[in-house]
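Enquirer: give me a 3D structure for the following:
(one chain, ligands or ions: 3)
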Amino acid sequence: MRTTKRDTHDELERADAVRATLDPTRVPRHVAIIMDGNGRWAEVRGLTRLEGHRQGREAIRRTLEAARECGVEILTLYAFSTENWRRPLEEVEALMALLIDALEAEADGLHRNGVRLRVSGMIDEMPDDVQGALRRVMALTEGNASLTLNLALNYGGRRELTEAARRLAEAVAAGRLSPDDIDEEALARSLFAPDLPDPDLLIRTGGEQRLSNFLLWQLAYAEMYFTNVRWPDFGKLDFFEAIQAYQARDRRFGGVDLG
Ligand code: IPE
Ligand code: IPE
Ligand code: MG
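Expert: Ligands and ions are numbered 1, 2, ... in the order given. Coordinates of the predicted model:
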C-alpha cells in the first residue's frame with residue numbers, strides 16, 4: 001500500500017532535497033531503530049492495534065530504501081522485545097503471523113536488492129514457524145552485501161548480557177578461558193551479533209525517550225535521536241532528517257576536541 005502522505009510525490013521530493021544535503025563521508029555505518037508507536041497510531045484513528053502493526057511494515061520498507069539510498073551499511077530494527085510477551089495473546093499471535101507473512105512476501109525483494117537478513121535475540125525460543133521463516137530468508141540472503149538488516153526479535157539487552165556471562169563462565173569452567181582473559185573484547189564477542197559494529201545512531205519513534213532494554217552494551221556511545229512521529233508514519237524524509245541531525249553532532253568519545 002502506498003497511500004500515506006509519506007509516499008506522495010511532494011514528500012519524496014523533500015526527502016531527496018534533505019538527502020542531497022548529507023555529507024556522504026559521514027553517514028552512520030550502523031543505525032538502530034526502536035520502531036515505536038504502532039498501537040497509538042491506530043488507536044487515534046479508531047483502528048485496531050494490529051492495523052498499526054500492518055502499517056508499520058510499510059514504514060520498514062521506506063526505511064530500508066532510505067538506508068540503501070544514503071549508504072547506511074547496517075540497519076538494526078527492534079521488532080519484538082523479551083518484554084513484549086506480556087501483551088495480550090491475541091496481539092502477540094498477530095505480530096508473529098505478520099512477521100511470517102512479511103518474511104515470505106519480502107524475501108525475493110530483499111534478495112534482489114542485495115539485503116542480507118540477520119537476527120539478534122532468543123530465536124530458539126520463538127514459535128517454530130517463525131524460526132523456519134527466518135532461517136529460510138537468512139539462508140537465501142546470506143551472501144548479500146549491500147545492506148545488513150538485523151532484526152532484533154525476542155531481544156532484551158539484559159538477556160543478551162546474561163547469556164554472554166553464562167557463555168564466558170562455561171568457557172572458564174571447561175578450562176578454555178582464564179578469568180584474566182575476560183575483557184571488553186571477550187564480552188563483546190559473546191553477544192548475539194559479535195561481528196556487527198556498534199550502532200552510531202539510535203532512532204526512537206513514537207515520542208518515548210527510553211531504551212526499553214535495547215542494545216544496552218552496544219549503545220554506549222551511540223548518538224540518540226527521538227522523534228514524536230509514530231512508526232507507521234515514519235518515512236524517508238524522517239530518516240534523512242535523523243541522519244542530518246547526526247551529522248551536526250560532535251562525537252567526542254570521552255576525549256576533547258582539538259580542532
Ligand atoms: C511498536 O509499537 C511495535 C512493537 C512493540 C511490536 P507499539 O505496539 O509499542 O505501539 P504503542 O507504543 O503501543 O503505540
Ligand atoms: C520497545 O517498544 C520494543 C519494540 C519497539 C519492539 P515498547 O512499546 O515495547 O516499549 P515500552 O513498553 O513503551 O517501554
Ligand atoms: Mg510501544
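
Enquirer: enumerate the residues of the stretch 1-150 of the chain near ligand 1.
Expert: 35-40, 80, 84, 95 (C-beta under 6 Å from any ligand atom). The C-beta positions use only the backbone N, C-alpha and C, and glycine is treated the same way.

Enquirer: and these, which two are furthest apart?
Expert: Spatial extent of these (C-beta to C-beta) is set by the pair Arg40 and Phe80 at 17.5 Å.

Enquirer: more neighbours, those two?
Expert: Applying other C-beta atoms under 10 Å to Arg40 and Phe80 shows that Phe80 carries more neighbours, namely 20 against 16.

Enquirer: ok, the more buried one - contacts?
Expert: 95, 99, 121, 152-155 (C-beta atoms under 8 Å, 6 or more residues apart in numbering).

Enquirer: ok, of the residues you listed, which one's closest to Thr63?
Expert: Distance to Thr63 across the contacts of Phe80 (C-beta to C-beta) is lowest for Ala152, with 14.2 Å.

Enquirer: does ligand 2 have contacts with the strand or helix carrying the closest one?
Expert: In this assignment (DSSP states H and E), Ala152 forms part of strand 147-155. No. Strand 147-155 stays clear of ligand 2 (C-beta under 6 Å from any ligand atom), getting no nearer than 7.3 Å.

Enquirer: that strand packs against which elements?
Expert: For strand 147-155, the packing partners by 3 or more C-beta pairs under 8 Å, 6 or more residues apart in numbering; DSSP states H and E come out as helix 49-70, strand 74-81, strand 115-120, helix 128-141.

Enquirer: how about the ones you listed, which one is nearest Thr8?
Expert: helix 49-70 (12.0 Å).

Enquirer: now the closest one: mean pLDDT?
Expert: Model confidence over helix 49-70, given as mean pLDDT, is 98.

Enquirer: ok, stretch 249-259 next?
Expert: 90.

Enquirer: what does the stretch 101-250 of the chain put close to ligand 2?
Expert: Residues of the stretch 101-250 of the chain lying near ligand 2 (C-beta under 6 Å from any ligand atom): 208, 210, 212.
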